[in-house]
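1. How does the following fold in three dimensions:
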Amino acid sequence: MLSQPATKYRAFPAIDLPDRKWPGRTITQPPVWMSTDLRDGNQSLFEPMNLERKLRMFRTVCDVGFKEIEVGFPSASQTDFDFVRKLVDDKLVPDDVTIEVLTQAREHLIRRTFESVVGARRVIMHVYNATAPLFRDVVFNMSKAEVVQLAVESVTLIKELALAHPQTEWVLQYSPELFTSTELEFAKEVCDAVTEVWGATPNNKVILNLPATVEVATPNIYADQIEWMHRNVARRDSVLISLHPHNDRGTAVAAAELGLMAGADRVEGCLFGNGERTGNVDIVTLALNLYTQGVNPGLDFSDINAVARTVEHCNQLPIHPRHPYVGDLVFTAFSGSHQDAIKKGFSALDKNGLWSVPYLPIDPADVGRTYDSIIRVNSQSGKGGVAYLMEAEYGIVMPRRLQVEFSGEVQAYTDTHGGEMSAQDIWNLFAQTYVAPTEPVGYVGYQLTDHPRDASGQGIRLTVEVAGTRHTLQGYGNGPIDAAVQALQSIGVDVQVRSFEERSTKSSAHGGDAQACAFMELSSDATDAPDRFGVGLDHNILTASIKALVSGVNRLGLVPKVEAKTAKDAALV
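-> Residues are numbered from 1 along each chain as shown. You can find the predicted model right below:
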């Protein structure tokens with residue numbers, strides 16, 4: 001039990017919006033994206049980025065496709081100020097990218113912020129002040145009128161400074177900090193006052209950023225707040241409504257999605273959700289969520305691993321292995337039932353149709369992930385996962401009964417050794433179990449001969465090694481395999497072929513060119529052992545089949561009787 005009663009906390013009240021429209025809407029186009037990795041994300045780091053990491057992060061978000069990037073809080077530190085000046089002075093900002101800088105609603109900070117960006121082509125000047133009751137009453141001891149006055153005076157100063165630097169295109173962004181904890185009518189009052197003093201028009205829009213500075217309610221409440229503002233804010237055609245959700249309740253992505261459905265135009269966030277406390281909204285997850293619904297997000301995550309490694313380097317923070325879309329384990333199935341479903345899904349997939357594979361909401365290849373990590377094998381795995389890895393990595397398409405048999409071998413191995421088996425480990429076990437057995441019968445070679453009594457039949461001279469001695473066995477049958485079976489009978493090895501399949505390997509991942517692969521299921525009345533498979537690999541399909549037969553004999557544990565018959569007195573069939 002928690003130590004304090006739930007009545008210690010106040011439930012956030014519902015919004016009076018009985019005719020809300022957002023629940024019936026879908027997102028059909030991406031928002032304007034704004035990366036705040038270099039500002040909000042940077043502020044949240046144990047060790048803020050140095051110049052090298054800042055520049056690397058800036059290039060990365062540009063390469064991904066962000067056209068608006070919040071590059072710093074220039075008045076907060078000399079490091080941020082110098083970085084912003086370097087971007088401007090060294091002309092490092094692409095022509096189609098707009099930089100954004102943040103400032104509190106205080107005169108000296110606003111002036112310092114302007115100094116950092118003078119000479120830039122286009123700048124979003126982002127100013128904010130807190131509007132929520134808790135901050136008005138406790139932190140700043142300000143009335144509502146004083147809060148409005150502070151916002152208006154700050155925007156008036158920004159407008160004056162902008163007019164003094166006409167070489168730059170200036171865009172105003174205003175945030176009523178703690179918007180989600182602010183009375184809606186008052187949030188509208190402040191925002192309307194700001195857009196009026198700026199003189200917002202359809203050609204000179206103001207960005208009204210409505211942040212969940214601290215996430216205090218369920219995502220539907222945020223959506224109601226956004227829809228209410230969307231309906232009621234003045235000069236809506238001259239305003240871009242922007243979302244800035246934080247993740248205190250773990251629902252920032254959902255809040256952003258519902259906020260877009262409620263009428264927002266723009267989203268601010270960080271790659272992989274870095275940010276204060278529990279983080280900002282995760283832009284990667286949000287964008288790829290849109291992608292899985294058929295909406296091109298306009299951001300390039302086709303090499304998500306490269307983006308992830310860069311962000312980890314710049315932030316000095318690891319990305320969780322279960323992070324949506326990018327975590328090292330998110331396209332990985334250990335569960336046997338999951339593996340089986342994924343394998344069947346890949347087999348049935350129409351490569352020209354819609355993506356539809358169980359447990360994989362997105363094609364890993366679309367984000368630059370390879371298929372080799374989709375299925376991984378441990379003690380929880382089943383035949384589907386083992387079969388998938390053998391096919392995907394080594395081109396071995398096992399018959400279903402062999403899948404069942406080999407999965408038992410894998411299970412026994414993992415139970416004994418523990419941990420996870422790589423594809424290479426599985427291949428080694430498969431080869432050791434089915435391909436390599438040379439005891440008690442070792443395959444040496446064969447030569448086909450004519451059948452002396454049946455022109456349609458086949459003879460074979462099969463050379464094997466038993467206990468270090470070579471023996472050439474003669475057999476005749478209705479084909480090469482039958483002849484080989486009869487030849488083995490000459491040394492007391494009596495087997496029946498239950499099933500036989502020949503396939504070509506689909507890959508040469510195990511080394512060399514693609515080979516023929518033969519699977520032979522054998523039984524014998526001479527042993528109580530269950531039916532066993534033998535497997536043969538060779539460039540020649542007949543040779544692969546003979547090897548599979550010998551392998552199956554060895555796996556049945558039959559003991560040759562080399563003294564019983566020799567090639568010289570083998571009976572004719």
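2. State the distance spanning the first to the last residue of stretch 128-138.
-> In stretch 128-138, first residue to last residue: 18 Å (CA to CA, to the nearest Å).
3. what comes into contact with it?
-> For stretch 128-138, contacts defined as CB atoms under 8 Å, 6 or more residues apart in numbering pick out 102-105, 139-140, 142-144, 147, 150-151, 154, 174-179, 181-183, 186-187, 190, 209. Every residue, glycine included, has its C-beta placed from N, CA and C.
4. mind running it again at 10 Å?
-> For stretch 128-138, contacts defined as CB atoms under 10 Å, 6 or more residues apart in numbering pick out 102-106, 139-144, 146-148, 150-151, 154, 173-183, 186-187, 189-191, 209, 211, 213-214, 216, 244.
5. Just the ones in strands from the residues you listed, please.
-> Of the contacts of stretch 128-138, the ones assigned to strands by DSSP state E are Leu102, Thr103, Gln104, Gln173, Tyr174, Ser175, Pro176, Glu177, Asn209, Pro211, His244.
6. pretty sure the third one is touching Ala151, no?
-> No - in this structure, Gln104 is not within contact of Ala151 by CB atoms under 10 Å, at 11.2 Å.
7. Overlap of the contact sets of these two?
-> In contact with both Gln104 and Ala151: Val127, Tyr128, Asn129, using CB under 10 Å, 6+ apart.
8. strand partners of whichever strand or helix holds the second one, parallel vs antiparallel please.
-> Here Tyr128 is covered by strand 122-130, with elements defined by DSSP states H and E. For strand 122-130, the paired strands and their directions (DSSP bridges) read strand 98-104 (parallel), strand 169-177 (parallel).
9. Can you say which of these is nearest to Ile396?
-> Taking CB to CB, strand 98-104 is the member of the strands paired with strand 122-130 nearest to Ile396, at 53.9 Å.
10. Can you give the distance of the helix or strand following that closest one from its chain's centre?
-> Per DSSP H and E, the first helix or strand lying C-terminal to strand 98-104 is helix 107-117. Relative to its chain's centre, helix 107-117 lies at 41 Å (CA atoms, centre = their mean, to the nearest Å).
11. So for Thr416, what's the pLDDT?
-> According to the prediction, Thr416 has pLDDT 81.
12. And Arg56, how far from Val64?
-> 13 Å (CB to CB, to the nearest Å).
13. who has more neighbours, those two?
-> More crowded of Arg56 and Val64, by other CB atoms under 10 Å: Val64, with 22 against 14.
14. The more buried one reaches Cys270, doesn't it?
-> No - in this structure Val64 lies outside contact range of Cys270 using CB under 10 Å: 11.9 Å.
15. Next, show the common contact partners of these two.
-> Common contacts of Val64 and Cys270 (CB under 10 Å, 6+ apart): Ser35, Ile283, Val284.
16. just how off-centre is the helix or strand where the last one lies within its chain?
-> Taking DSSP H and E as the definition, one finds Val284 inside helix 283-292. Centroid separation between helix 283-292 and its chain, computed with CA atoms, centre = their mean, is 11 Å.
17. Output the contacting helices and strands for that helix.
-> strand 32-35, helix 51-64, helix 252-261, strand 266-269, helix 304-315 (3 or more CB pairs under 10 Å, 6 or more residues apart in numbering; DSSP states H and E).
18. quick revisit: quickly name whichever of the shared contacts of Gln104 and Ala151 is closest to Ala76.
-> Tyr128 (12.9 Å).
19. what pairs with the closest one across the strands?
-> Gln104, Ser175.
20. how about the nearest residue to the residue nearest the centre of the chain, chain neighbours excluded?
-> In the chain, the centroid-proximal residue (CA atoms, centre = their mean) is Tyr325; its distance is 2.4 Å. Spatial nearest neighbour of Tyr325, chain neighbours left out: Leu288 (4.8 Å); criterion: CB to CB, 6 or more residues apart in numbering.
21. same deal with Phe346?
-> Phe346 sits nearest to Val357 (CB to CB, 6+ apart), 6.1 Å away.
22. what about that neighbour, how many neighbours?
-> Around Val357 there are 19 other residues, counting by other CB under 10 Å.
23. now swap in the one 4 residues further on and tell me
-> Pro361 is flanked by 14 other residues according to other CB under 10 Å.
24. and the nearest residue to it once chain neighbours are set aside, what does it touch?
-> For Pro361, ignoring the flanking residues on the chain, the nearest one in space by CB to CB, 6+ apart is Thr292 at 5.3 Å. The contact partners of Thr292, by CB under 10 Å, 6+ apart, come to Tyr325, Trp355, Pro361, Ile362, Asp363, Asp366.
25. State the pair within those residues that is farthest apart.
-> For these, the farthest-apart pair by CB to CB is Tyr325 and Trp355; their separation is 13.9 Å.
26. Common neighbours of the two, please.
-> Thr292, Pro361, Ile362, Asp366.
27. Give me the subset of these that lies in helices.
-> Counting by DSSP state H, the part of those found in helices is Thr292.
28. So of the shared contacts of Tyr325 and Trp355, which two are at opposite extremes in space?
-> For the shared contacts of Tyr325 and Trp355, and using CB to CB, no pair is farther apart than Pro361 and Asp366, which are 10.9 Å apart.
29. Name the residues contacting each of those two.
-> Counting by CB under 10 Å, 6+ apart, the residues touching both Pro361 and Asp366 are Leu288, Tyr291, Thr292, Tyr325, Trp355.
30. if we can go back for a sec, now render the contacts of Thr292 as a markdown table, adding pLDDT and distance to Asn204.
-> Below are the contacts of Thr292 laid out as a markdown table (pLDDT from 0 to 100; distance: CB to CB, whole Å):
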| residue | pLDDT | distance to Asn204 |
| --- | --- | --- |
| Tyr325 | 93 | 37 |
| Trp355 | 94 | 43 |
| Pro361 | 91 | 41 |
| Ile362 | 93 | 39 |
| Asp363 | 92 | 42 |
| Asp366 | 94 | 39 |
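31. May I see those residues organised as JSON lines, with distance to Val495 added?
-> Conversion of the contacts of Thr292 to JSON lines gives the following (distance: CB to CB, whole Å):
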{"residue": "Tyr325", "distance to Val495": "51"}
{"residue": "Trp355", "distance to Val495": "46"}
{"residue": "Pro361", "distance to Val495": "48"}
{"residue": "Ile362", "distance to Val495": "48"}
{"residue": "Asp363", "distance to Val495": "45"}
{"residue": "Asp366", "distance to Val495": "49"}
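32. And the residues you listed, which is closest to Val562?
-> Nearest to Val562 among the contacts of Thr292: Asp363, at 56.4 Å, using CB to CB.
33. Leu349 versus that closest one, what's the distance?
-> For Asp363 relative to Leu349 (CB to CB), the value is 9 Å.
34. Now the common contact residues for those two.
-> Joint contacts of Asp363 and Leu349 (CB under 10 Å, 6+ apart) are Trp355, Val357.
35. which residue ranges form the helices in the stretch 401-550 of the chain?
-> Using DSSP state H, counting those that start in this stretch, the helices of the stretch 401-550 of the chain run over residues 423-430, 480-489, 541-556.
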